[in-house]
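**Student:** my questions are about this predicted structure, shown below with the sequence.
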Amino acid sequence: MTTSTTDRLSEQGSGRTNMVELLPSILSADFAHLADEVAAAERGGGTIIHVDVMDGHFVPNITLGPPVVKKLRGATKLPLDCHLMIEHPERYAEDFVRAGANSVSVHYEAARHLDGCLNLIKKAGAMAGVVLNPATPVSVLEDILEVADYVLLMSVNPGFGGQEFIPFSLDKIRALAEMRRAKGLAYKIEVDGGIAHDTIAQVVQAGAELLVAGNAVFGAGSAEMNARSLLAAARKAAGEASV
Ligand code: DX5
Ligand code: ZN
């Protein structure tokens, strides 16, 4: 009897049934050459572009809004994953879908009516994700998990690229993967912050499949080569064959 990749992953206890994917985060890219940066990350195997939206209130930094997403939409065929680090996400989420986002995630800590906000995103035509800050336990999601298409666990405090991975995030990934298995749900687990060569294997082995990387892709060196080697490390950790 052959053992499929899925079986092997289940044996590891992750319950992961999806292939791992690399999500280059443009926060660390050269904003004057975004289209080129995204193209390089795609050549290296990035399959979803992670777009960090910050408002200077929810986090102490300001980045970009729907007009930039709209331009990016015209510059790449890859799905755009908008991570809203903003207050009142319900006021702006649809604008990002209209601008071309394929998935939009909102922070549990910012969305006062989280169920309503996730449904708003889905109704607008995108996948809806919920994000947790490092200090927010996964248990708060118990009742909303069936509504979310994916859960994004922050493994740094949001606001800036290039920070160090917070080790206790691994326990949260494991717990979220176990909740998925126990409930028979299919939400994907995305992890964001401090993912680099020294952390990516542990993140995958804990049960995540959507791996965001900013500095490790767009920092020093070639974005294409960086993406390629990160993805290879992730696939190896998942027991998937390199493509
Ligand atoms: C941080 C952002 C991340 C950021 C990750 O608040 O949400 O997406 O780009 O950057 P790295 O991979 O450099 O930690
Ligand atoms: Zn992010």
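**Tutor:** Yep, it's here. Ligands and ions are numbered 1, 2, ... in the order given.

**Student:** CA atoms for contacts and neighbours, from now on please.
**Tutor:** Noted.

**Student:** pLDDT on the strand or helix carrying His50, on average?
**Tutor:** Taking DSSP states H and E as the definition, His50 sits inside strand 49-54. Taken as a whole, strand 49-54 has an average pLDDT of 98.

**Student:** which residues are contacting it?
**Tutor:** 23-27, 38, 61-65, 69, 78-86, 159, 212 (C-alpha atoms under 8 Å, 6 or more residues apart in numbering).

**Student:** buried stuff in it?
**Tutor:** Of all the residues in strand 49-54, those buried under the rule 16 or more other C-alpha atoms under 10 Å are Ile49, His50, Val51, Asp52, Val53, Met54.

**Student:** buried residues in the helix or strand harbouring Val204?
**Tutor:** Assigned by DSSP H and E, Val204 belongs to helix 200-206. Neighbour counts over helix 200-206 (16+ other C-alpha under 10 Å) mark Ile200, Ala201, Gln202, Val203, Val204, Gln205, Ala206 as buried.

**Student:** same check, this time on stretch 108-128
**Tutor:** Buried, per 16+ other C-alpha under 10 Å, within stretch 108-128: 108-111, 114, 117-122, 124-128.

**Student:** looking at it, Glu109 is touching Ala135, isn't it?
**Tutor:** No - using C-alpha atoms under 8 Å, Glu109 is not in contact with Ala135, being 10.4 Å away.

**Student:** any chance you could map the helices in this protein?
**Tutor:** Under the criterion DSSP state H, the chain contains helices at 5-11, 34-43, 66-75, 89-99, 114-124, 169-183, 200-206, 215-218, 223-238.

**Student:** any idea which of the buried residues of strand 49-54 is closest to ligand 1?
**Tutor:** Within those, the smallest distance to ligand 1 is 5.6 Å, found for Asp52 (C-alpha to the nearest ligand atom).

**Student:** so what's the closest one bridging to?
**Tutor:** His83 (DSSP bridges).

**Student:** can you tell me how far it is from Glu21?
**Tutor:** 18 Å (C-alpha to C-alpha, to the nearest Å).

**Student:** enumerate the residues of this structure near ligand 1.
**Tutor:** Within the chain, the positions adjacent to ligand 1 are 25, 27, 52, 158-163, 192-195, 213-216 by C-alpha under 6 Å from any ligand atom.

**Student:** centroid residue for the protein?
**Tutor:** In the chain, the residue lying closest to the centroid (C-alpha atoms, centre = their mean) is Glu190, at 4.1 Å.

**Student:** and that residue, how far is that from Asp149?
**Tutor:** Counting by C-alpha to C-alpha, the gap from Glu190 to Asp149 is 11 Å.

**Student:** cool, and His197?
**Tutor:** For His197 relative to Asp149 (C-alpha to C-alpha), the value is 27 Å.

**Student:** quick one, which of these two is more surrounded?
**Tutor:** Higher neighbour count among His197 and Asp149: Asp149, with 21 against 15, using other C-alpha atoms under 10 Å.
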